[in-house]
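Undergrad: Prediction below, plus the sequence it came from.
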Amino acid sequence: LKLQFLYFIGHSASKMLRGTLLLAALHCASSLGTSDLTRATMSKPRATSGLLAKTKPEVFTSINDYMVKGGHRVANCEQFTHEQLTDVTSKILMYRDSSLASIYEKKSDKRGRIVYSQDRHEKGSAAYNMTRDGLCAQALMAWAHHIPTEARGNLKATGVVLPLMPASGPIDTHDETYNAQASCTACHSVSELKSTNSTY
């Protein structure tokens, strides 16, 4: 587990760090397939994947459509608490593959970062909801980019329920933690496609 790719922000940082290290130590690697390596080495989804969109809200919608149509166990982001989302991400990272992490490290790829965050704001407040939304995005990023396709089946068999992206779409904010967690809007944006020929 490469700690430089894991960022823990908030009052329970040390507890989450210890928990994630323990879970990672229990991880049993699955075989990486061609699609896993392609997805890790390329910067953007293929145009035919259904995971590219013109606007940030449409990016969230396209990801949710992909998860629902794919038959994955999902629930609306708004149904989760901070603690539940942290737990889901920790369960996902039990199946992470170090080879994928190494690819991201060499490229200084944002997908290599897992940004946990918790706050003490009142549940239901705007600040609480922003933290929750960022954690939903981060959980899906971990699922999509840190575990092999083969391992997804093993994870699904455990009964874990993945969060969808927030129905309200991305938040326009200067909050660095949230923006790091929701950075998928850049790589999944059609408007950014011309900057690179690398698509998966």
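TA: Alright, I've got the coordinates. All values reported here derive from a predicted model rather than from experimental measurement.

Undergrad: State the distance from the spatially most central residue of the chain to Thr41.
TA: Nearest to the geometric centre of the chain sits Met141, at 1.7 Å (CA atoms, centre = their mean). Distance from Met141 to Thr41, counting by CB to CB, to the nearest Å: 17 Å. Any C-beta I mention is one placed from the backbone N, CA and C, and that applies to glycine too.

Undergrad: which helices and strands sit right next to the top helix by length along the chain?
TA: Across the chain, the longest stretch assigned as helix under DSSP state H is helix 126-146. Packing partners of helix 126-146 (3 or more CB pairs under 8 Å, 6 or more residues apart in numbering; DSSP states H and E): helix 34-41, helix 82-93, helix 98-107, strand 114-117, strand 162-163, helix 176-181, helix 184-187.

Undergrad: Sketch out the low-pLDDT regions of the chain for me.
TA: Where the chain drops to pLDDT under 70, the residues are 1-30, 118, 120, 186, 191-200.

Undergrad: hmm, what's the outermost residue in it?
TA: Glu122 (24.5 Å).

Undergrad: hang on, isn't that residue packed against Asn129?
TA: No - the criterion here is CB atoms under 8 Å, and Glu122 misses it with Asn129 at 10.4 Å.

Undergrad: for the residue nearest to the centre of the chain, what are its contacts?
TA: Each residue near Met141 by CB atoms under 8 Å, 6 or more residues apart in numbering is listed here: 111, 114, 181, 184.

Undergrad: so which of the residues you listed is the most crowded?
TA: Neighbour counts for the contacts of Met141 (other CB atoms under 10 Å) peak at Gln181, which has 26 neighbours.

Undergrad: ok, now which ones touch that one?
TA: The contact partners of Gln181, taken as CB under 8 Å, 6+ apart, are 115, 117, 134-135, 137-138, 141.

Undergrad: how about a cut-off of 6 Å?
TA: Going by CB atoms under 6 Å, 6 or more residues apart in numbering, Gln181 touches 115, 134, 137-138.
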